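In: how would this look folded up:
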Amino acid sequence: WYSTDRDQKVTDDPSNRHRWARQVRDAMETVGDVDDVELLLDEGPPARVLADHCATHAADWLVIGRTHGGALTRFLQGSTMQKIARYAPCNVIVVHEDHPLLTPDSHLVVGVDFFPGSEAALLAAAELAALTHSTLHLVHALSDEPTTHLSAGLINYLSPTDIAHLTASARASLEALAFELRKSHPDLQYQTAVQSGIPREILTQTVRALNADLLALGRIHRTALEEIILGSTTRSLLKSIPTSLLLSTWEE
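Out: All right, here's what the predicted structure looks like:
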């Protein structure tokens, strides 16, 4: 159905709305009771529509499934997941089809870099771990490669002595974070790990070793140019998505 009015949406047609609503509800019946679920139909670029809806309704969580578009599709059309990860004003969970549920005794991995974004991810993951009686794994990756981050120096080679000192310091900081979490979640089960290497690879290896059902990361608000220059751990993990991803936002 195509409207003769340029300003009229396809979703304004009652027959279209009825057909699509029925399709969605039929699909949701496999999950459970859907009678009390509010169903909204809209038209437009998915990332913009979802982000705008979350902002308008002050949503706390946005849950989406991952897409299976290839590299060419992402190049021509862009990636909805990438755009949502950058612009959504709330916590985002990208659900992996092999890890759709958080069952008791799951393993939840959190990438911790001690910036506010990862601390927000840690708090959200701790809530989920407490609800599901799961084990929380706090992982910090130390880069032993030269870095372009100004805060660490334009060229920064870390010696074995530096790595050992930073590892001990990072492990103590992770334990301090876990101690604070246990004040609100006394029964929280957790483990900490500090490893040297590229953060993306360290987190992927940890997730696969544990067969973790969730990887929680903080979102850093960067421009596209900044991501090209500095790289983005979250962006690279969204491409490979080894498990369901929780992307946490934080307010400055």
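In: which strands or helices does the one helix or strand Asp52 maps to pack on?
Out: Asp52 belongs to helix 46-56 when assigned by DSSP states H and E. The contact analysis (3 or more CB pairs under 8 Å, 6 or more residues apart in numbering; DSSP states H and E) places helix 46-56 against strand 61-65, helix 80-87. C-betas here are computed from N, CA, C, even on glycine.
In: same thing but 10 Å
Out: strand 61-65, helix 80-87, strand 91-95 (3 or more CB pairs under 10 Å, 6 or more residues apart in numbering; DSSP states H and E).
In: and that helix, how far out from the chain middle?
Out: Averaging C-alpha positions (CA atoms, centre = their mean, to the nearest Å) puts helix 46-56 17 Å from its chain's average.
In: same deal with stretch 7-15?
Out: On the basis of CA atoms, centre = their mean, stretch 7-15 sits 33 Å off its chain's mean C-alpha point.
In: show the end-to-end separation of that stretch, please.
Out: In stretch 7-15, first residue to last residue: 18 Å (CA to CA, to the nearest Å).
In: and if you look at stretch 92-100?
Out: 14 Å.
In: contacts for it?
Out: With CB atoms under 10 Å, 6 or more residues apart in numbering as the test, stretch 92-100 has contacts from 31, 50-51, 54, 61-68, 81, 84-86, 101, 106, 124, 128, 207, 211-216, 219, 237-238, 241-249.
In: sorry, back to before: buried stuff in the helix holding Asp52?
Out: Residues of helix 46-56 classed as buried: 47, 50-52, 54 (neighbour count, 16 or more other CB atoms under 10 Å).
In: surely Asp162 meets Ala168?
Out: No: with contact defined as CB atoms under 10 Å, Asp162 does not count as touching Ala168 (11.1 Å).
In: what's near enough to touch Leu247?
Out: Contacts of Leu247 (CB under 10 Å, 6+ apart): 62, 81, 84-86, 88, 90-94, 117, 120-121, 124, 215-219, 234, 237-238.
In: wait, a strand at it?
Out: Yes: counting by DSSP: H, G, I helix; E, B strand; the rest coil, one finds Leu247 located in a strand.
In: give me the element Ala216 is part of.
Out: Per DSSP H and E: Ala216 is located in strand 214-218.
In: show me what that strand packs onto, helices and strands only.
Out: Counting contacts by 3+ CB pairs under 10 Å, 6+ apart, strand 214-218 is packed against strand 91-95, strand 107-111, helix 116-132, strand 135-142, helix 199-210, helix 233-240, strand 245-248.
In: can we see that at 7 Å?
Out: Counting contacts by 3 or more CB pairs under 7 Å, 6 or more residues apart in numbering; DSSP states H and E, strand 214-218 is packed against strand 107-111, helix 116-132, strand 245-248.
In: of these, flag the one that's most buried.
Out: Highest mean neighbour count among the helices and strands packed on strand 214-218 (mean count of other CB atoms under 10 Å): strand 107-111, with a mean of 26.
In: how far out from the middle of the chain is it?
Out: Mean-position distance between strand 107-111 and its chain equals 11 Å (CA atoms, centre = their mean).
In: what's it in contact with?
Out: 118, 121-122, 125, 128-129, 134-139, 199, 203, 206-207, 210-217 (CB atoms under 7 Å, 6 or more residues apart in numbering).
In: again, but for stretch 167-184
Out: For stretch 167-184, with CB under 7 Å, 6+ apart as the criterion, the contacting residues are 112, 114, 122, 126, 138, 140, 142, 188, 190, 192, 194.
In: now, of those, which are buried?
Out: Neighbour counting with 16+ other CB under 10 Å marks 112, 122, 126, 138, 140, 142, 188, 190, 192, 194 as buried within the contacts of stretch 167-184.
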